[in-house]
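[1] coords please:
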Amino acid sequence: MIKGSCFSLRHVRKDDVPQLVELLNHPDSKGDYLSLELMLPGVAEKKYEEESRSKEFSETFLIVDQNDEILGRVFHFKTVPYFNAREIGYGLFAKHLRGKGLMTEAVQLLTDYLFKTTLLNRLEIHMNTDNLASEKVAIHCGFTKDGIARGAVFSRGKHVDIAMYSLLRAEWEALRG
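    Numbering: from 1, shown residues only. Alright, predicted model coming up:
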């Protein structure tokens, strides 16, 4: 478990999966930018069961409050096989907590965890170019904009541009002093 100021990050447990699927499939959790595709319960169970045995390809942390209520999630996964990098993703289910810095802190905690426990040299965050809240998270966590992947993701019936941000280990070390 990783402790934040008013929340913790912890791995997904088997008994979390039904509630997590419900949260991931709820229209409010999708916001304006995530795909409307629904996650099947069986697919989710398999994914998180595999993660419980190995974090080689992905690892998910739930953001939980003091009562262990699920507020959101942060995760990382391997994208390009030959990169010494991981992409970070995140989502906040608790709408009343959006815009209060919680996700920025959660991403900072995940970033610190990854650079302190692995030999990774690069972390990436990608988001829809219209998703200004997600862009603020990346910037506040010290990530630098690398560019735009034009028409890279199909979402909500159209192809959208994706902003790509990265943070190198040396940059993280300089930020942490």
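[2] what about stretch 27-41, average pLDDT?
    In this model, stretch 27-41 has a mean pLDDT of 77.
[3] Would you mind measuring the gap between the ends of it?
    Its start and end residues considered, stretch 27-41 measures 16 Å (C-alpha to C-alpha, to the nearest Å).
[4] Tell me which residues of that stretch come out buried.
    Residues of stretch 27-41 classed as buried by neighbour count (16 or more other C-beta atoms under 10 Å): 29-30, 33-34. Where C-beta positions appear, they are placed from N, C-alpha and C, glycine not excepted.
[5] Residues contacting stretch 124-134, please?
    Outside of stretch 124-134, the residues within contact range by C-beta atoms under 8 Å, 6 or more residues apart in numbering are 31-33, 79, 85-90, 98-99, 107, 135, 137-138, 141, 143, 146, 148-149, 153, 155, 160-167.
[6] How about that stretch, which residues are buried there?
    The neighbour-count check on stretch 124-134 (16+ other C-beta under 10 Å) flags 124-128, 131, 134 as buried.
[7] Give me the distance between the two termini of it.
    Start-to-end span of stretch 124-134 (C-alpha to C-alpha) is 13 Å.
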